[in-house]
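**Student:** Provided below for reference: sequence and predicted model.
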Amino acid sequence: MEQEIKKLIKDALLNLEIEVSDFALEHPEDLKNGDYSTNVALAIAKSIKKNPKVLAEKIMVEINRLNVDKNIEKVEIAGAGFINFHLSRKFFAKSVEEILNKAEDFGKNKVLSGQKIMVEYTDPNPFKPFHIGHLMTNAIGESIARILEHSGAEVARANYQGDVGLHVAKAIWGLLQKGLPETHFSNTAKAKYIGECYSFGSGNYDNNLKAKEEIDEINKKIYTREDKKINDIYTLGFDITMEAFEDLYKMLGTKFDFYFLESQMADIGREIVNANMGKAEGLEGSRRIFEESDGAIVFKAEKYDPKLHTRVFITSQNLPTYETKELGLTTEKFKTEPDMDLSIVITANEQMDYMRVVAKAISLIHPDFANRMKHITHGMMRFATGKMGSRKGNVITGESLLNDTRDDVLERMTDREFGNVEREKIASEVGVAAIKYSVLKQSIGGDIIYDFEKSISFEGDSGPYLQYSYARANSVLEKAQKENILPDPHVFSEEIFEVEKLLYKFPEVVFRSASLYEPHYIANYLIEVARAYNNFYGNMIIVNKEDKTSPYKVALTYAFSFVMKTGLDLLGIRAPKKM
RNA sequence: GCCCUUGUAGUUCAAUGGAUAGAACGAAGCUCUUCUAAGGCUUUGAUGUAGGUUCGAUUCCUACCAAGGGCACCA
């Protein structure tokens, strides 16, 4: 439709012998101003020294003369000189029919068809709790992955995890002090216990000199693997915490294709650093990327870009830093998927500056990778109250937030009749939706202020609101089936409902979301659609044998439910049929 | 000091250079003999400051003010 209108405008301008390089055709924010609007008259008024309104009038007359398409009902001038297009009843009925035919494929596009993209996100560390920051990255990463898939890309999901380092030593020290987890514990409980041992070790590391020495000693042994007892505890703890993560991914709806471990990236990265050292090795200029400074091996990125800075890659203790491991990781990703078109990494924005430095180093070593890496950063979870405790007084982890939220949902469900298993399942899906939506409704760059008092929202602008609208539509459809009213997009009344004016835009929203890597466009769109549908629902009885146009309204309800289901899916949110 | 983000109703967020700056929460009122009231309908209120570019600026540019993050051996 957009292309048709653009052509119409261009033809009209051609006939009027007006030259124009560029103009916008967009959806006005307010539906009163039509379904499409162009600023073309405003854009050219100045250069040809004419009053924009007069010019708009002229163009409109010509457009009306050329318009034989039944999809455009009327064209009018408004405001300073906008030309607004109102689409016809027939167009909306056809769009409802199209949605019914395409069902869950409606909204897909092929702009990334044939592209291979790897998305790395979540990145929790074994032996440490899965905290709410991981929840946030996971929600964003999963949604972006799904949106890219919906645009035709082949997406691989990757998780990069710190399986070595001081945090592991702290946890193992804690386990040595407090004892191993009871064997009869559930895996979740064991993982939680290990998280507590980590906190215990971490606290002692800062305040207890003896503990610090012991932990540093354990840290060395983790690398050398010389101590059998420590090796055994390591394996135990690693398996328990990694398995607990899997349970969370299942609940969150993520399935990773690749797991990269930090310990394996260190050597790969170190080799690359050594191969690209400075003059000492007598390498060519382009290979002199890293150099020695104060006993460490560094990359002076400011030589290439004044906005970047120097980072240490190998410490003076001859240990590889995170930068070196990241270098190894990126290289390894391209080795794993050689024909990969894009490698996306999603992290909090505190990592932005040094990732730029690492990216610069990588693009010097592998110019062919330079345009195939993208770092997307999001804000952080912040707390309105300033306290980090959950409502039950414990340290807040991703899991405790998920559980608290699910319990809140259960309380609201007391008047609903469900079996216990179904009740739990729905409560969990609604809880996840509440959390994910609160992350995805805003653009990803900004921080998220999380208020424990208000907690996660179930009303208004929220994930459960979307799910509720879907469940409600589903209940309408059940009734339609029972009463044997079949959907038919051809028997419509003259009235055009607001929800119709929104549904056909879904593919554009998906496209926009994919091109900008911004899930919130979809989230905001779904709220608008849900609101329009709820309004539609509230104003009439949809399934009504007395109403001849009831089959059309049922068809519209189907169209709404397809779009809502697909949209929620793109946010990584499940849509229960009942709630 | 330098670099990167971000400043919009009381609060939390929207607004591809366009029209009367949208929602939600909060507050006040109305609404289930109708398909799920986690709903619907009313009412209330905002672009940090100062310039600039533009027919038109929340959006782009400059300066200032404010918040957050980063700036060598942590990740």
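**Tutor:** Arrived safely, thanks for sending.
**Student:** residue in the stretch 101-250 of chain A nearest to RNA strand B?
**Tutor:** With CB to the nearest atom of the strand as the measure, residue A:162 is the residue of the stretch 101-250 of chain A nearest to RNA strand B, at 4.6 Å. Glycine gets a C-beta too; all of them are placed from N, C-alpha and C.
**Student:** quick one: contacts of the host helix or strand of residue A:331?
**Tutor:** Assigned by DSSP states H and E, residue A:331 belongs to helix A:322-336. Contact with helix A:322-336 is made by A:118, A:120, A:158, A:160, A:258, A:260, A:262, A:264-270, A:272-273, A:299, A:311-314, A:340, A:343, A:354-355, A:357-358, A:361-362, A:365-366, A:369, A:372-373, as judged by CB atoms under 8 Å, 6 or more residues apart in numbering.
**Student:** which of those are close to RNA strand B?
**Tutor:** Restricting the contacts of helix A:322-336 to those adjacent to RNA strand B (criterion: CB under 7 Å from any atom of the strand) gives A:262, A:311-312, A:354.
**Student:** Neighbour count for those - can I get that in TSV?
**Tutor:** Listed next are these as TSV, based on neighbours: other CB atoms under 10 Å:
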residue	neighbour count
A:262	21
A:311	21
A:312	18
A:354	17
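**Student:** Poorly predicted segments of chain A, please.
**Tutor:** For chain A, applying pLDDT under 70 flags the ranges A:21, A:278-287, A:384-395, A:452-455.
**Student:** ok, the residue of the stretch 101-250 of chain A closest to RNA strand B touching residue A:265?
**Tutor:** No: counting by CB atoms under 8 Å, residue A:162 stays clear of residue A:265, with 10.0 Å between them.
**Student:** longest helix of chain A?
**Tutor:** Counting by DSSP state H, the longest helix found in chain A is helix A:228-252.
**Student:** Tally up the residues packed near residue A:114, please.
**Tutor:** 9 (other CB atoms under 10 Å).
**Student:** so is the nearest residue to it once chain neighbours are set aside in a helix, a strand, or just coil?
**Tutor:** Using CB to CB, 6 or more residues apart in numbering and skipping residues adjacent in sequence, the residue nearest residue A:114 is residue A:152, 7.4 Å away. Secondary structure assignment for residue A:152 (DSSP: H, G, I helix; E, B strand; the rest coil): coil.
**Student:** Phi, psi for the residue nearest to the spatial centre of chain A please.
**Tutor:** The centroid of chain A falls nearest to residue A:140 when counting by CA atoms, centre = their mean (2.8 Å). Main-chain dihedrals, residue A:140, degrees, to the nearest 10: phi -70, psi -50.
**Student:** distance of it from residue A:349?
**Tutor:** According to CB to CB, to the nearest Å, residue A:140 and residue A:349 sit 12 Å apart.
**Student:** Spit out the residues that contact these two alike.
**Tutor:** With CB under 8 Å, 6+ apart as the test, residue A:140 and residue A:349 both reach residue A:378.
**Student:** Next to RNA strand B, which bits of the stretch 101-250 of chain A? Give me the list.
**Tutor:** Contacts of the stretch 101-250 of chain A with RNA strand B, taken as CB under 7 Å from any atom of the strand, map to A:162, A:165-166.
**Student:** could I get the residues you listed as JSON lines with neighbour count and secondary structure?
**Tutor:** Listed next are those as JSON lines, based on neighbours: other CB atoms under 10 Å; DSSP: H, G, I helix; E, B strand; the rest coil:
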{"residue": "A:162", "neighbour count": "19", "secondary structure": "coil"}
{"residue": "A:165", "neighbour count": "18", "secondary structure": "coil"}
{"residue": "A:166", "neighbour count": "16", "secondary structure": "helix"}
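**Student:** How is residue A:107 assigned, secondary-structure-wise?
**Tutor:** On the three-state scheme (three-state DSSP), residue A:107 is labelled coil.
**Student:** Who are the contact partners of it?
**Tutor:** Counting by CB under 8 Å, 6+ apart, residue A:107 touches A:150, A:506-507, A:509-510, A:563, A:566-567, A:570.
**Student:** Do I have it right that residue A:240 meets residue A:180?
**Tutor:** No: if you go by CB under 8 Å, residue A:240 and residue A:180 don't touch, sitting 9.9 Å apart.
**Student:** hmm, the helix or strand hosting residue A:477 touching RNA strand B?
**Tutor:** Using DSSP H and E, residue A:477 maps to helix A:463-482. Yes: using CB under 7 Å from any atom of the strand, helix A:463-482 comes into contact with RNA strand B via A:464-465, A:468, A:471-472, A:474-476, A:478-479.
**Student:** Show me where the stretch 201-350 of chain A has its strands.
**Tutor:** A:258-261, A:290-293, A:296-300, A:310-314, A:342-348 (DSSP state E, counting those that start in this stretch).
**Student:** Check the stretch 401-550 of chain A too.
**Tutor:** All strands of the stretch 401-550 of chain A, identified by DSSP E, counting those that start in this stretch, fall at A:448-450.
**Student:** Is residue A:352 in a helix, a strand, or coil?
**Tutor:** helix.
**Student:** what's the span of stretch A:496-515 from first residue to last?
**Tutor:** Stretch A:496-515 has an end-to-end distance of 31 Å (criterion: CA to CA, to the nearest Å).
**Student:** Residue A:144 - nearest residue in space that isn't next to it in sequence?
**Tutor:** Counting by CB to CB, 6+ apart, the residue nearest residue A:144 is residue A:517, at 5.6 Å.
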